[in-house]
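Visitor: Predicted model follows, preceded by the sequence.
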Amino acid sequence: MNRVIEHTGSKYPIIQAPMGWIARSQLASAVCEAGGMGIIETSSGEVDNCKKEIKIMSKLTDKPFGVNLPLLFLQDDSMVKFCVEAGVKFVTTSAGDPTKYVDVLKDAGITVYHAVPSLAGAIKAANAGVDGLVVEGTEGGGFKSPQEVGLLVLIQSIKQKLDLPIIAAGGIVDGVGMAAVFAAGAEGIQMGTRFVSSKESPVHINFKNKIIDAGIDDTLVLNKKSKPVIRALKTNLTKDIDDKGIMDMSSMMNIKDLYFGGDMEAAPALSGQSSGLIHEVKPVKIIIDEIIDEFNATCRKLNNIKF
């Protein structure tokens with residue numbers, strides 16, 4: 001049995017990343033209906049809106065869904081309590097100490113996976129008692145570790161030390177990528193950039209087109225000498241930040257103007273290297289169906305190779 005499917009209850013071990021403001025009910029429910037695991041974000045800090053989005057999910061889908069809790073950014077435990085009261089069964093935690101709410105969540109019968117960018121982080125999360133890990137390679141978009149470790153190396157290093165189920169995140173958009181990380185030891189995948197550029201994604205078409213037009217070298221890792229480190233698409237703004245070597249957090253203040261207004265210079269456009277592998281806006285169901293078909297075909301092909 002695939003442990004990620006067992007833990008999530010979804011048809012396929014494909015998880016939608018919890019992008020701030022983007023991972024709301026419109027996108028998450030589409031992922032659930034297509035057989036994946038949709039996740040509602042709370043990193044935007046819009047507590048009341050996020051609670052409404054969680055409530056809406058049960059009206060849009062009868063499939064299981066999850067919630068992400070970014071531990072450093074939670075002002076209090078109200079969102080944790082809400083998830084418990086709302087009957088949420090799957091939570092990913094990130095950006096903080098995995099011990100903070102793991103006992104409260106697990107005592108309520110919630111499965112908890114913690115996002116980690118390093119072997120040390122994985123061991124700490126395992127010791128905290130989480131049920132699984134979201135392992136984030138440097139290829140992914142958004143907030144990154146300053147230590148740029150590739151996903152395949154990171155998965156293998158963790159598997160050598162731990163036996164927790166792994167959801168692989170960073171640079172995956174298709175069945176070939178899924179097969180690669182499964183070969184390394186993952187049992188599921190998480191995708192952000194691929195779903196941001198889907199038909200059901202709420203972001204402006206300018207953002208989707210920028211992803212589609214990007215090559216594999218059209219992202220930058222910014223703010224390496226400070227925090228937070230992020231990966232974003234190359235724009236005039238991000239090139240200027242890269243030249244300076246440091247990013248003022250005010251650069252992120254107008255991110256909703258980018259996401260929903262289409263102003264690609266309003267803020268860094270958080271995206272992964274996988275942008276260069278995405279060539280078309282597609283419905284979520286087609287994306288997931290094609291990934292599963294290609295994954296199965298790739299596994300059959302590899303099974304026929306003998307040395």
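Guide: Alright, I've got the coordinates. Numbers count the residues shown, from 1 in each chain.

Visitor: Quick check: Arg24 vs Ile288, distance?
Guide: 18 Å (CB to CB, to the nearest Å). Just so you know, the C-beta spots here come from the backbone N, C-alpha and C atoms, and that holds for glycine as well.

Visitor: Equivalent analysis for Phe73, please.
Guide: 29 Å.

Visitor: who's more crowded, the two?
Guide: Ile288 (25 against 15; other CB atoms under 10 Å).

Visitor: Is that one in a helix, a strand, or coil?
Guide: Following DSSP: H, G, I helix; E, B strand; the rest coil, we place Ile288 in the helix state.

Visitor: cool, Cys50 as well?
Guide: Following three-state DSSP, Cys50 is assigned to helix.

Visitor: mind listing what it touches?
Guide: Contacts for Cys50 were tallied using CB atoms under 8 Å, 6 or more residues apart in numbering; they are 40-42, 44, 79.

Visitor: Can you tell me which of those residues is nearest Met252?
Guide: Met252 has its nearest neighbour among those in Ser44, at 11.5 Å by CB to CB.

Visitor: That closest one - that's part of a strand, no?
Guide: No - counting by three-state DSSP, Ser44 falls outside a strand, being coil.

Visitor: Might one say that it is in contact with Gly20?
Guide: Yes - counting by CB atoms under 8 Å, Gly20 is a contact partner of Ser44 at 4.5 Å.

Visitor: Neighbours of Ile56, how many?
Guide: Ile56: 16 surrounding residues under other CB under 10 Å.

Visitor: In a helix, it, correct?
Guide: Yes - assessed by three-state DSSP, Ile56 belongs to a helix.

Visitor: For the closest residue in space to Val130 that isn't next to it in sequence, pull up the helix or strand it's in.
Guide: Distance criterion CB to CB, 6 or more residues apart in numbering; nearest residue to Val130, sequence neighbours excluded, is His114 at 4.6 Å. If you go by DSSP states H and E, His114 is part of strand 111-116.

Visitor: Adjacent strands (with direction) for that strand?
Guide: strand 90-94 (parallel), strand 132-136 (parallel) (DSSP bridges).

Visitor: any idea of the angle the helix or strand following it forms with strand 90-94?
Guide: With elements assigned by DSSP H and E, the helix or strand that comes after strand 111-116 is helix 119-128. Counting by axes from the mean of the first three to the mean of the last three CA atoms, to 10 degrees, helix 119-128 points 130 degrees away from the direction of strand 90-94.

Visitor: packing partners for helix 119-128?
Guide: For helix 119-128, the elements it packs on are strand 111-116, strand 132-136, helix 151-159, judged by 3 or more CB pairs under 8 Å, 6 or more residues apart in numbering; DSSP states H and E.

Visitor: I'm done for today, thanks for sticking with me.
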